[in-house]
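[1] after the sequence you'll find the predicted model.
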Amino acid sequence: MTSPLVSVVVPTFNRAYCLARTLDSALAQTHARLEVLVVDDGSTDGTAALVRERYGDDPRVVYLHQANAGVSAARNHGLRAARGDFVALLDSDDVWQPWKIELQLRCLERFPELGMVWTDMAAIDPSGAVFDPAYIRTMYSTYGLFRMEEIFSRSVPLREVAPELADVVGEARLHAGDIFSPMIMGNLVHTSTVLIRSERLEQVRQFDESLKFSGEDYDFHLRTCHAGPVGFLDLPAIQYQRGMPDRLTRHEYRIHTATNFLRTIEPWITGAREQITLPQRMVDTALADAHAWIGELQLEAGRTPEARTHLFRSVRLRPAQKRMWLLLGSTFVPQAMRERLKSGYRRLKGGVAGGGQS
């Protein structure tokens, strides 16, 4: 049987300082039949020269240039150019383990109903040191809302799926199933770990370019999970870069993250509620937390009318939120009294155990 072609889409913008490490990790895969599509989103730092000089003689590397339009547009450019039976997504500062694609292909071959598989990841700091060897549950708090058997309907040892990689996978497992409903509560999928079938990609089509700065990946993965079963390889197959100053997870992008989260889940909850198997209280919690998140950030930014709207919607969905009531009340009083209320809110927030927006 012919070895399948895997297209690797690597969007990049002014990442010449770290791009070679990323591309080298893709080209070092034990699955050799691949194309690496480097989509340069208008870089001005010598990215084009780096790719030409270092990879110009490698026919597997395809350089694509576009005017700066953002990461979603760059990924979509790469997806349109991809010729593979499978497509992998790789951010331009992350690094793959050499067996990543081979192991994921084994899983998709064993379970042809799965349209996408992804993995855990090790988080590294700017020096390259690992500070969390299994980071996905830290980064995506949705994992903490469910037991694994509540997210996935089945689980098999990876050593049974890929016995030739038994030394790599150890006791790790492949979890699989239809996870659209749990995904409504928040993301479970990390983009740089994904391998997706071209057939599933035809259903999902592309990233939403109107979701700016953050949240486009969650929307894409939610639609992918809505289209059918997927699988999670519960071991780190990449090194995920943290702490770089140019990452889109910076503090100033929080409002976009919060707004885009609500914008992603609200249409599904309104238009496809019968497909969501979660109890109504969980659905209401997801919406209430989203509105509370936006309301707090809008209040921090001094946008009182917008904050009031979202805080009111939050407490209407979930009335038992003392902190949100305090914040909502603060939007109706003069600035001096508002500072006193905010001080009380901070004391209350510090005294409440646990996480979340309650």
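    Noted; the coordinates are in hand. Because the structure is predicted, anything quoted here is derived from the model rather than measured.
[2] please count neighbours and contacts with C-alpha atoms only from this point.
    Will do.
[3] show me what contacts Ile269?
    Ile276, Val283 (Cα atoms under 8 Å, 6 or more residues apart in numbering).
[4] how near is it to Gly228?
    For Ile269, the distance to Gly228 equals 18 Å [Cα to Cα, to the nearest Å].
[5] how about Ile136?
    Ile136 sits 22 Å away from Gly228, going by Cα to Cα.
[6] so which of the two has more stuff around it?
    Taking neighbours as other Cα atoms under 10 Å, Ile136 and Gly228 compare with Ile136 leading, 22 against 17.
[7] now that one, nearest residue through space, not along the chain?
    Excluding the flanking residues, the one nearest Ile136 by Cα to Cα, 6 or more residues apart in numbering is Asp120, at 5.4 Å.
[8] which stretch of helix or strand covers the one you found?
    Asp120 is part of strand 116-124, with elements assigned from DSSP states H and E.
[9] elements contacting that strand?
    In terms of contacts (3 or more Cα pairs under 8 Å, 6 or more residues apart in numbering; DSSP states H and E), strand 116-124 is packed against helix 100-110, strand 130-132, strand 195-197, strand 230-241.
[10] does anything pack onto the second one? Which helices or strands?
    Secondary-structure packing of strand 130-132 (3+ Cα pairs under 8 Å, 6+ apart): strand 116-124.
[11] in the strand it packs on, which residues are buried?
    Buried positions in strand 116-124, judged by neighbour count with 16 or more other Cα atoms under 10 Å: Met116, Val117, Trp118, Thr119, Asp120, Met121, Ala122, Ala123, Ile124.
[12] ok, stretch 94-107 next?
    Applying 16+ other Cα under 10 Å to stretch 94-107 flags Asp94, Val95, Trp96, Gln97, Pro98, Trp99, Lys100, Ile101, Leu103, Gln104, Leu105, Cys107 as buried.
[13] now do the end-to-end distance for that stretch.
    End residues of stretch 94-107 are separated by 22 Å (Cα to Cα).
[14] on that earlier part again, and the residue nearest to Ile136, how far is that from Arg197?
    19 Å.
[15] and Tyr140, by the same measure?
    Distance from Tyr140 to Arg197, by Cα to Cα: 24 Å.
[16] so what pLDDT did Thr2 get?
    The pLDDT attached to Thr2 in the predicted structure is 82.
[17] next, count neighbours for it.
    As a burial measure, Thr2 scores 5 neighbours (other Cα under 10 Å).
[18] now the phi/psi pair for the most centrally placed residue in the chain, please.
    Centroid check for the chain by Cα atoms, centre = their mean gives His190 as the closest residue, at 4.0 Å. Per-residue torsions, His190: phi -110, psi 130 (degrees, to the nearest 10).
[19] surely it meets Met116?
    No - in this structure, His190 is not within contact of Met116 by Cα atoms under 8 Å, at 11.7 Å.
[20] all helices for the stretch 51-200 of the chain, in order.
    Shown for the stretch 51-200 of the chain, the helices assigned by DSSP state H, counting those that start in this stretch span residues 71-81, 100-110, 136-139, 148-151, 158-161, 166-169, 180-183, 198-204.
[21] one more: the stretch 201-350 of the chain?
    Going by DSSP H, counting those that start in this stretch, the stretch 201-350 of the chain shows helices at 216-226, 254-271, 280-300, 304-317, 322-330, 335-351.
[22] quick one on the thing from earlier: JSON lines for the helices and strands packed on strand 116-124, including mean pLDDT and distance to Gly177?
    Putting the helices and strands packed on strand 116-124 into JSON lines (pLDDT from 0 to 100; distance: least, Cα to Cα, whole Å) gives the following:
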{"stretch": "helix 100-110", "mean pLDDT": "98", "distance to Gly177": "13"}
{"stretch": "strand 130-132", "mean pLDDT": "95", "distance to Gly177": "27"}
{"stretch": "strand 195-197", "mean pLDDT": "98", "distance to Gly177": "15"}
{"stretch": "strand 230-241", "mean pLDDT": "97", "distance to Gly177": "6"}
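[23] could you dump those to a markdown table with distance to Cys18?
    Shown next, in a markdown table, are those (distance: least, Cα to Cα, whole Å):
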| stretch | distance to Cys18 |
| --- | --- |
| helix 100-110 | 20 |
| strand 130-132 | 17 |
| strand 195-197 | 22 |
| strand 230-241 | 10 |
